[in-house]
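[1] give me a model of this one.
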Amino acid sequence: MLHVENLRKSFGPVRALDGISFSVGKGEIVGFLGPNGAGKTTAMRIIAGFLSAGEGRVTLDGVDVADDPVAVKAKVGYLPEQPPLYPELRVREYLAFVAGLKGVPKKEVAERVDEAMHSVKITERADQIIRSLSKGYKQRVGLAGALVHRPPILILDEPTVGLDPNQIVEIRHLISDLKAADRTLIISTHILAEVEQTCERVIIINKGKIAAIDTKANLLAGAGDKAEITIEVARESERAGGLIEGMGASILNREGNRLTVSAQPGMREGLARVVVESGCGLVSLETRRVALEDIFIKLTADASAGAN
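    Residues are numbered from 1 along each chain as shown. Alright, predicted model coming up:
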């Protein structure tokens, strides 16, 4: 459905995108994950037809964005981080205006507006002035505007930034409802929880380059199914560390008598036993499985280190 090939974009001396390539299939929910300044928004704006690429190409159902941006925009619903709302308009008025801009036939505008409001659960706010809405409801209005022309692909750029915890949960529920509607979704964010809870596949970008592309399950499996185990001993942490390494675990960090090690989850009991039998005194032992956050930090940190 969507193909991005060798995309590059610079702003003066700053290279925002440096040859990224990926594809998104029909009905996929993909997380476009990266730290602030990684190039996420630049990529999303190019895909949506709002920014030209320096090099490379983007095609949607075989149509090149550069050749026919109008045709592509008809297929894409784009919610930027700051939705371009008109605060003096009422919700229904604004959505009707957006529908007209997006080429919805006049006789269908009312139906499409009602449908979009229902999709994001703002029907009861239809006649309210946008300025008077909370940030969460303004985000919903922006999302309705992205949906009003029934696009098969939806791009959400940082959809929960600036929202309070309750509003974040509400937006996540709306995204889940959109998933059920068999749309293709690309969610661009630096918030790992958004990707973990809503996406099937992950694209990690850092400093304008792709650091990883895979399903969440494969990324976690690639980490070797390791666990991070923190062991606190009463004494002789150096000797305890040597015994732990002798069992095949790797020491990640030492802080006083606390040792953080990487090991297979099944090694937990054996590590506890060897520390107790050594006489070093086992004070505590905590286990944490490798999560998407660990992979994200490693990939972006490794890329940053390599660039220095």
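
[2] can you pull the contacts of P69?
    Taking C-beta atoms under 8 Å, 6 or more residues apart in numbering, we find P69 in contact with G49. To be clear about C-beta, it is placed using only N, CA and C from the backbone, and glycine gets the same treatment.

[3] can you check the pLDDT for it?
    Looking at P69, its pLDDT is 87.

[4] that one and L2, how far apart?
    15 Å (C-beta to C-beta, to the nearest Å).

[5] and if you look at L154?
    L154 is 11 Å from L2, by C-beta to C-beta.

[6] got any residues that touch both of these two?
    With C-beta under 8 Å, 6+ apart, L154 and L2 have common neighbours T184, I186.

[7] between those two, which is the more surrounded one?
    For the pair L154 and L2, the greater number of neighbours falls to L2 (24 against 21), based on other C-beta atoms under 10 Å.

[8] does the more buried one touch R57 like I think?
    No: L2 is beyond contact range of R57, at 11.6 Å (criterion: C-beta atoms under 8 Å).

[9] all the helices of the chain, in order from the start?
    40-47, 69-75, 91-101, 106-119, 135-147, 165-180, 192-198, 216-222, 237-246, 268-278, 292-307 (DSSP state H).

[10] from the contact counts, what lies against the fifth one?
    Counting contacts by 3 or more C-beta pairs under 8 Å, 6 or more residues apart in numbering; DSSP states H and E, helix 135-147 is packed against strand 76-79, helix 91-101, helix 106-119, strand 153-157, helix 165-180.

[11] if you count neighbours, what's buried in that helix?
    G136, Y137, K138, Q139, R140, V141, G142, L143, A144, G145, A146, L147 (16 or more other C-beta atoms under 10 Å).

[12] E158 versus the second one, what's the distance?
    If I follow you right, that is Y137. 17 Å.

[13] again with the fifth one
    Between R140 and E158 the distance is 15 Å, computed by C-beta to C-beta.

[14] and the third one, by the same measure?
    Distance of K138 to E158, computed by C-beta to C-beta: 14 Å.

[15] what's the answer for the last one, then?
    When C-beta to C-beta is the yardstick, L147 and E158 sit 18 Å from each other.

[16] one more: the first one?
    For G136, the distance to E158 under the criterion C-beta to C-beta works out to 14 Å.

[17] partner residues bridging the closest residue in space to T215 that isn't next to it in sequence?
    Spatial nearest neighbour of T215, excluding adjacent residues (C-beta to C-beta, 6 or more residues apart in numbering): R201 at 5.2 Å. R201 has the following beta-bridge partners by DSSP bridges: V30, T215.

[18] what about T215, neighbour count?
    So T215, with other C-beta under 10 Å, has 12 neighbours.

[19] list the residues that contact it.
    T215 neighbours (C-beta under 8 Å, 6+ apart): E200, R201, V202.

[20] over to F50?
    F50 neighbours (C-beta under 8 Å, 6+ apart): Y78.

[21] any of the contacts of T215 buried? List them.
    Judged by 16+ other C-beta under 10 Å, buried ones among the contacts of T215: R201, V202.

[22] where does confidence bottom out across the contacts of T215?
    At the low end of pLDDT for the contacts of T215 is E200, which has 84.

[23] and stretch 58-69, end to end?
    Stretch 58-69 stretches 10 Å from its first residue to its last (C-alpha to C-alpha, to the nearest Å).
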